[in-house]
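Trainee: When you get a sec, could you give me coordinates for this:
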Amino acid sequence: MNNLTNQQLRAIMSNNVASVSPQQSLKEAAALMSQYNVGAIPVVENGQVRGIITDRDITLRSTAQGLDGNTQVSQCMSSNIVAGNPNMSAQEAAQLMSQNQIRRLPVVENNQMVGMVSLGDLATKDGDPNNAGQALSSISTPSNPNAIQ
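Mentor: The predicted structure is shown next:
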């Protein structure tokens, strides 16, 4: 292992992450995703992470259910949040993401959101591509959808 493998999340996380409140509309969340070219936005209230809303959440939990863009984020967000801390290593973050099959990890310090780390961040900023690769291989375990026969 090289020194970069032990690099703290603080050094590779994205700062100044766009967020939405639980009361904002899905349309506002989708507009932010488009503006920042991201697929997920943390849901933050009073600085604390309450959930995360993804483009997939909007598609499956809103559009597919007949809801519209005025629906509140709180109705479609994922609320069981796994978070990292800025002092954990990139390798620890990759393991946490792998274990929980998540591609994005909010970074929290003193109960306040301070950043976000994605698999892309691990792949491009960490210096050890194995961290992202190992996490991705666990996260992307193929599902077995019911085949139409």
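
Trainee: Please tell me I have it right and residue 54 contacts residue 78.
Mentor: Yes - with the criterion set as Cβ atoms under 8 Å, residue 54 and residue 78 qualify as a contacting pair; they are 7.3 Å apart. Backbone N, C-alpha and C define where each C-beta goes, glycine included.

Trainee: Neighbour count: the two, which is higher?
Mentor: Neighbour comparison, residue 54 and residue 78: the larger count goes to residue 54, with 20 against 16 (by other Cβ atoms under 10 Å).

Trainee: Look up the pLDDT of that one for me, please.
Mentor: You'll see residue 54 listed with a pLDDT of 94.

Trainee: ok, now which ones touch it?
Mentor: Counting by Cβ atoms under 8 Å, 6 or more residues apart in numbering, residue 54 touches 39-40, 78.

Trainee: try it again with 7 Å
Mentor: Applying Cβ atoms under 7 Å, 6 or more residues apart in numbering to residue 54 gives the contacts 39-40.

Trainee: residues of stretch 22-41 that come out buried?
Mentor: Across stretch 22-41, burial judged by 16 or more other Cβ atoms under 10 Å covers 22, 24, 26, 28-30, 32-33, 38, 40-41.

Trainee: Among those residues, which pair sits farthest apart?
Mentor: With distance counted by Cβ to Cβ, no two of the buried residues of stretch 22-41 lie farther apart than 22 and 38, which are 18.4 Å apart.

Trainee: What separation is there between residue 86 and residue 30?
Mentor: Using Cβ to Cβ, to the nearest Å, one gets 29 Å for the distance from residue 86 to residue 30.

Trainee: same thing with residue 101?
Mentor: Using Cβ to Cβ, we find residue 101 at a distance of 24 Å from residue 30.

Trainee: Enumerate every residue touching residue 26.
Mentor: Applying Cβ under 7 Å, 6+ apart, the residues contacting residue 26 are 58, 62, 69, 71, 73, 76.

Trainee: what's the closest of the residues you listed to residue 106?
Mentor: Of all the contacts of residue 26, the one with the least separation from residue 106 (Cβ to Cβ) is residue 73, at 15.0 Å.

Trainee: ok, so what distance separates that closest one from residue 17?
Mentor: In this structure, residue 73 and residue 17 are 15 Å apart, going by Cβ to Cβ.

Trainee: What residues are bridge-paired with the residue nearest the centre of the chain?
Mentor: Centroid-nearest residue in the chain, with Cα atoms, centre = their mean: residue 104, separated by 2.7 Å. For residue 104, the beta-bridge partners under DSSP bridges are residue 118.
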